[in-house]
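Enquirer: Need a 3D model of the following:
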Amino acid sequence: QVQLVESGGGLVQAGGSLRLSCAGSGRTINSGTMGWFRQAPGKEREFVAAISRSGASTQYTDSVKDRFTISRDNAKNTVYLQMNSLKPEDTAVYYCARRTIVGIALTANGYTYWGQGTQVTVSS
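Expert: So this is what the prediction gives:
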């Protein structure tokens, strides 16, 4: 079993930065693709970013390209999401997720294990 715990969310003004962390326990996350998703009130959960097992490949949704950076530290069993130039429309609950199949998936149903989420609120 894999347990994922997100942290680092909070309230920030537009233009500010936050770094989210996702710590894995139980079976290591090191062997899997990891993703970040977000869900705003009344909206479906949407893909934000993903990183391959080695960290060599990453993908981002268009709205966060050049502002967000996903990274991982396999020695610490942790994945990060550095978020810069935050906008009010980035406000959502952010979830990390682990995939059990090789390769990057852009939809939530491609991931098996999920954290409980961390709230990010960006004020204008």
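Enquirer: what ranges of the protein fall below the confidence cut-off?
Expert: Under the criterion pLDDT under 70, the flagged ranges of the chain are 27-30.
Enquirer: can you pull out the strands in it?
Expert: Ranges of strands in the chain, per DSSP state E, are 2-7, 10-13, 18-26, 34-39, 46-51, 58-60, 68-73, 78-83, 92-98, 113-114, 118-123.
Enquirer: if I look at the residue nearest to the spatial centre of the chain, how far off is D66?
Expert: By Cα atoms, centre = their mean, the chain has its centre lying nearest to W36, at 2.3 Å. As judged by Cβ to Cβ, to the nearest Å, W36 and D66 stand 16 Å apart. Placement of C-beta: from N, CA and C, glycine included.
Enquirer: cool, and A105?
Expert: According to Cβ to Cβ, A105 and D66 sit 22 Å apart.
Enquirer: contacting residues for the nearest residue to the residue nearest to the centre of the chain once chain neighbours are set aside?
Expert: Sequence neighbours aside, V48 is the residue nearest to W36 in space, at 4.4 Å (criterion: Cβ to Cβ, 6 or more residues apart in numbering). By Cβ atoms under 8 Å, 6 or more residues apart in numbering, the contact list for V48 reads G35, W36, F37, R38, Y60, T61, V64, F68, L81, Y94.
Enquirer: what do you get if the cut-off is 7 Å, keeping everything else the same?
Expert: With contact taken as Cβ atoms under 7 Å, 6 or more residues apart in numbering, V48 is in contact with W36, F37, R38, T61, V64, F68.
Enquirer: wait, doesn't the fourth one sit right on F47?
Expert: Yes: using Cβ atoms under 7 Å, T61 and F47 qualify as a contacting pair, with a distance of 5.5 Å.
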